[in-house]
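Peer 1: quick one, fold the following:
(2 chains)
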Amino acid sequence: DQQVKQNSPSLSVQEGRISILNCDYTNSMFDYFLWYKKYPAEGPTFLISISSIKDKNEDGRFTVFLNKSAKHLSLHIVPSQPGDSAVYFCAARGGQNFVFGPGTRLSVLP
Amino acid sequence: EPEVTQTPSHQVTQMGQEVILRCVPISNHLYFYWYRQILGQKVEFLVSFYNNEISEKSEIFDDQFSVERPDGSNFTLKIRSTKLEDSAMYFCASSEQGLLNTEAFFGQGTRLTVV
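Peer 2: As a prediction, the model looks like this:
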């Protein structure tokens, strides 16, 4: 039962270009969405979030877009930097827990 | 900057043994969580804890698992009789209580290896 899906297991982007990471969800009761970045052997690090009452949230190089009707959100990173190379998890808040997607491995090539 | 700390960073245990994973959440946070990530798989929710009781738990969190907040700072996950399939990274997280939605802050994780 995959309530949160990230259909691209990996993504490669040239340094300086835009990275777009996608996430789809099935549960319309989710009301808050987050993106986490994870380096190997470390815990997930919070990046940016968006409430279901908004359709966009921006923080520096990171922007999250939410399309509620399509149950889709995306994370844009621009410009991409080599240090952005990591696994990115989309997470949705349902009740008192967060449901994570399977992650997308982003590689930013110098 | 406040952070969630977990100990030990790596625990090796024999199948059938009990393990206790320890976490110190961020001090003003009131919601606590345990997640795990089996190698190559996604991060899975185990349990959430608030006001000294479990508020939600997943199917993974069966009778072999328990959580406790023994004092004002620690939050522990106990696995009574470990199985090989319990081998995973276990992440503790905490979040602030409030009317506004907030993110959860994760610790660095404890790698549990059951042999």
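
Peer 1: list the residues that contact the spatially most central residue of chain B.
Peer 2: The centroid of chain B falls nearest to B:W34 when counting by C-alpha atoms, centre = their mean (3.0 Å). Residues near B:W34 by C-beta atoms under 8 Å, 6 or more residues apart in numbering or on different chains: B:L21, B:C23, B:L46, B:V47, B:V67, B:L77, B:Y90, B:F91, B:C92, B:A93. The C-beta positions use only the backbone N, C-alpha and C, and glycine is treated the same way.

Peer 1: just these: which are in strands?
Peer 2: Mapping these onto strands (DSSP state E) picks out B:L21, B:C23, B:L46, B:V47, B:V67, B:L77, B:Y90, B:F91, B:C92, B:A93.

Peer 1: so the fourth one touches B:E68, yeah?
Peer 2: Put plainly, it is B:V47. No - B:V47 lies out of contact with B:E68 (C-beta atoms under 8 Å); the separation is 11.2 Å.

Peer 1: looking at those two, which is more packed in?
Peer 2: Neighbour comparison, B:V47 and B:E68: the larger count goes to B:V47, with 21 against 13 (by other C-beta atoms under 10 Å in any protein chain shown).

Peer 1: C-terminal to the top strand by length along chain A, what's the next element?
Peer 2: Counting residues, the longest strand found in chain A (DSSP E) is strand A:86-94. Once the chain leaves strand A:86-94, the next helix or strand it forms, by DSSP states H and E, is strand A:97-100.

Peer 1: by contact count, what packs against that next one?
Peer 2: Contacts defined by 3 or more C-beta pairs under 8 Å, 6 or more residues apart in numbering or on different chains; DSSP states H and E place strand A:97-100 against strand A:86-94, strand B:31-37, strand B:43-50.

Peer 1: keeping just the C-alphas, turn the longest one into CSV.
Peer 2: If I follow you right, that is strand A:86-94. In CSV, the C-alpha atoms belonging to strand A:86-94 read as follows (Å, rounded to 0.1, in the frame of the first residue of the first chain):
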residue,chain,number,x,y,z
ALA,A,86,21.6,12.9,-1.8
VAL,A,87,18.4,10.8,-1.5
TYR,A,88,15.3,13.0,-1.3
PHE,A,89,12.2,11.8,0.5
CYS,A,90,8.8,13.2,0.1
ALA,A,91,6.7,12.7,3.3
ALA,A,92,3.0,13.3,4.0
ARG,A,93,1.5,13.9,7.4
GLY,A,94,-1.4,11.8,8.3
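
Peer 1: average pLDDT for that strand?
Peer 2: In this model, strand A:86-94 has an average pLDDT of 92.

Peer 1: between it and strand B:43-50, how big is the angle?
Peer 2: Relative orientation of strand A:86-94 and strand B:43-50, computed by axes from the mean of the first three to the mean of the last three C-alpha atoms, to 10 degrees: 50 degrees.

Peer 1: neighbours of the residue lying closest to B:E44 once chain neighbours are set aside, how many?
Peer 2: Nearest residue to B:E44 in three dimensions, chain neighbours excluded: B:R36, at 5.6 Å (C-beta to C-beta, 6 or more residues apart in numbering or on different chains). Residues near B:R36, counting by other C-beta under 10 Å, number 23.

Peer 1: tell me which of the helices and strands packed on strand A:97-100 sits nearest to B:T82.
Peer 2: Across these, B:T82 has its closest neighbour in strand B:31-37 (12.6 Å, C-beta to C-beta).
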